[in-house]
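**Student:** predicted model and sequence below, questions to follow.
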Amino acid sequence: MIKQLFIIAVLFCVSTSAFTQNEKSVLALTKLQDYYNVGKNDAIHTMLSESFQQKVSPSAMNQLLTTFQKNFGNFTSFNFTESQGSRDTFLGNFENGQQNIAIYVDEDNKIAGLLFKPVENTVPAKFERNTTKLQLPFDGEWMTFWGGTEKRQNYHATTRVQQGAFDFVKLGKNNRSYQRSGTRNEDYYAFGQPLYAVCDAVVYEVNTGVEDNRPTIMNPAQPLGNSIMLKTVNNEYIVYAHLEYGTISVKEGDTVTKGQYLGNCGNSGNSSEAHLHLHIQDGPTIMTAVGARCFFEEVLVNGTVQKDYSPVKLDRISTPEK
């Protein structure tokens, strides 16, 4: 239940089109570029209009830009592409990719609208599925809330880096994912459940320190929440997202073995309830990598053992008893 990162903005435009850039936009974007490259995220927030600042807090802006800087690196240059009224769009060039940047600067020379949107990635995927043999990352039976290759089965399918992703939940009585009122994380059967390494791997990246959300209230500023990225010997990057605050037991550079405890399932990041988001991608940078399908070596699916299986929506899955 995570979506690709965007810098959230309100854009104003009129119907009149033009083909020349607004000098105010160029000056503002140049200043933003300078602040961005030295990590002065608070200074960027002061460039926003008062109404825009009310929509995006300094901490949210800092979180968004820090994640962006980590993935894309320095902002090296930009080129004007089009203008619509007072809104100008530029192609932004970064060390690790490109972004379309739409900007609107008001009469007070404040940024009243700003949107970073990914340029469509046309680089072919390095692989279409995992070759490393994987086991399920949890104990007991879980349900595949999102999984499969079609949008009706899996809303992740439309996002290139997450196109093979899963969201897994646990169900209890009455086939619900929670008990009692469902207003506390502890009401959810998945919350606090241990999660394990799906294979032998190296811990490539760890993100921690993100508080768990109250159910139904999401945190898009830190979309993955507490997360772990494993790197296999076959250069597959496996992402676990939304882990419980304070439970991650590994650090970057650690070597883990199949079945090793990593942390607990939580409700951190862009998550509405406790669940595990899991996906495989072909590179380490989540904003530019391409997702791959994920097959597990042996799975009990709705009571039947399946080998080399990729779960789809509504599948109830567990590890077969030996």
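**Tutor:** Noted; the coordinates are in hand. Residues are numbered from 1 along each chain as shown.
**Student:** hey, let's count contacts and neighbours off CA atoms from now on
**Tutor:** Fine.
**Student:** and for the strand or helix carrying residue 34, what are the contacting residues?
**Tutor:** Residue 34 belongs to helix 23-37 when assigned by DSSP states H and E. The set of residues external to helix 23-37 that reach it, using Cα atoms under 8 Å, 6 or more residues apart in numbering, is 41, 43-44, 65, 69, 74-75, 88, 103-105, 109, 111.
**Student:** ok, of the residues you listed, which one's closest to residue 272?
**Tutor:** Residue 272 has its nearest neighbour among those in residue 65, at 22.7 Å by Cα to Cα.
**Student:** how much space separates the closest one from residue 45?
**Tutor:** 10 Å (Cα to Cα, to the nearest Å).
**Student:** do the same with residue 173
**Tutor:** 47 Å.
**Student:** tell me which of these two has more neighbours.
**Tutor:** A direct count of neighbours by other Cα atoms under 10 Å for residue 173 and residue 45 places residue 45 higher, at 21 against 8.
**Student:** re the thing from before, go through the helix holding residue 34 and flag the buried ones.
**Tutor:** Residues 24, 25, 26, 28, 29, 32, 33, 34, 35, 36 are the ones in helix 23-37 that count as buried (16 or more other Cα atoms under 10 Å).
**Student:** over to stretch 79-90?
**Tutor:** Buried residues in stretch 79-90 (16+ other Cα under 10 Å): 80, 82, 83, 84, 85, 86, 87, 88, 89, 90.
**Student:** could you tell me which strands sit next to the host helix or strand of residue 300 in the sheet, and their orientation?
**Tutor:** Per DSSP H and E, residue 300 falls inside strand 296-301. Neighbouring strands of strand 296-301 in its sheet, by DSSP bridges, are strand 304-309 (antiparallel), strand 316-318 (antiparallel).
**Student:** tell me which of those lies nearest to residue 195.
**Tutor:** Comparing those by Cα to Cα, strand 316-318 comes nearest, at 13.1 Å.
**Student:** contacts for the closest one?
**Tutor:** 136, 139, 140, 141, 142, 143, 144, 299, 300, 301, 302, 311.
**Student:** what bridges to the spatially closest residue to the third one that is not a sequence neighbour?
**Tutor:** Excluding the flanking residues, the one nearest residue 140 by Cα to Cα, 6 or more residues apart in numbering is residue 318, at 5.6 Å. Going by DSSP bridges, residue 318 is paired in beta bridges with residue 300.
**Student:** and residue 318, what pLDDT?
**Tutor:** Residue 318 carries a pLDDT value of 98.
**Student:** quick revisit: any of the contacts of strand 316-318 buried? List them.
**Tutor:** 136, 141, 142, 143, 144, 299, 300, 301, 311.
**Student:** contact partners for residue 207?
**Tutor:** Neighbours of residue 207 in contact, by Cα under 8 Å, 6+ apart: 225, 226, 227, 228.
**Student:** and those residues, which two are furthest apart?
**Tutor:** Most distant of those, by Cα to Cα, are 225 and 228, 9.7 Å apart.
**Student:** overlap in contacts of the two?
**Tutor:** With Cα under 8 Å, 6+ apart as the test, residue 225 and residue 228 both reach 207, 241.
**Student:** look at the two and report which has more neighbours.
**Tutor:** residue 225 (29 against 26).
**Student:** OK, contacts around the more buried one?
**Tutor:** By Cα under 8 Å, 6+ apart, the neighbours of residue 225 are 207, 208, 210, 219, 241, 242, 243, 267, 268, 269, 270.
**Student:** can you classify residue 186 as helix, strand or coil?
**Tutor:** helix (DSSP: H, G, I helix; E, B strand; the rest coil).
**Student:** show me where pLDDT drops low in the chain?
**Tutor:** Residue ranges of the chain with pLDDT under 70: 1-20.
**Student:** neighbours around residue 272, how many?
**Tutor:** Count around residue 272 with other Cα under 10 Å applied: 18.
**Student:** how close does the nearest residue to it once chain neighbours are set aside get to residue 269?
**Tutor:** Of all residues not flanking residue 272 in the chain, residue 216 sits nearest, at 4.3 Å (Cα to Cα, 6+ apart). Separation of residue 216 from residue 269 (Cα to Cα): 12 Å.
**Student:** more neighbours: those two, which one.
**Tutor:** More crowded of residue 216 and residue 269, by other Cα under 10 Å: residue 269, with 27 against 15.
**Student:** gap between the residue nearest to the more buried one when sequence neighbours are not counted and residue 239?
**Tutor:** Nearest non-adjacent residue to residue 269, counting by Cα to Cα, 6+ apart: residue 225, 3.5 Å away. Distance from residue 225 to residue 239, counting by Cα to Cα: 11 Å.
**Student:** cool, residue 45 as well?
**Tutor:** Counting by Cα to Cα - residue 45 and residue 239 are separated by 30 Å.
**Student:** and for residue 130?
**Tutor:** 13 Å.
**Student:** which residues do those two both contact?
**Tutor:** Residues within reach of residue 130 and of residue 239 at once, by Cα under 8 Å, 6+ apart, are residue 280.
**Student:** pull out the buried residues from stretch 254-271.
**Tutor:** Those would be 256, 258-271, for stretch 254-271 by 16+ other Cα under 10 Å.
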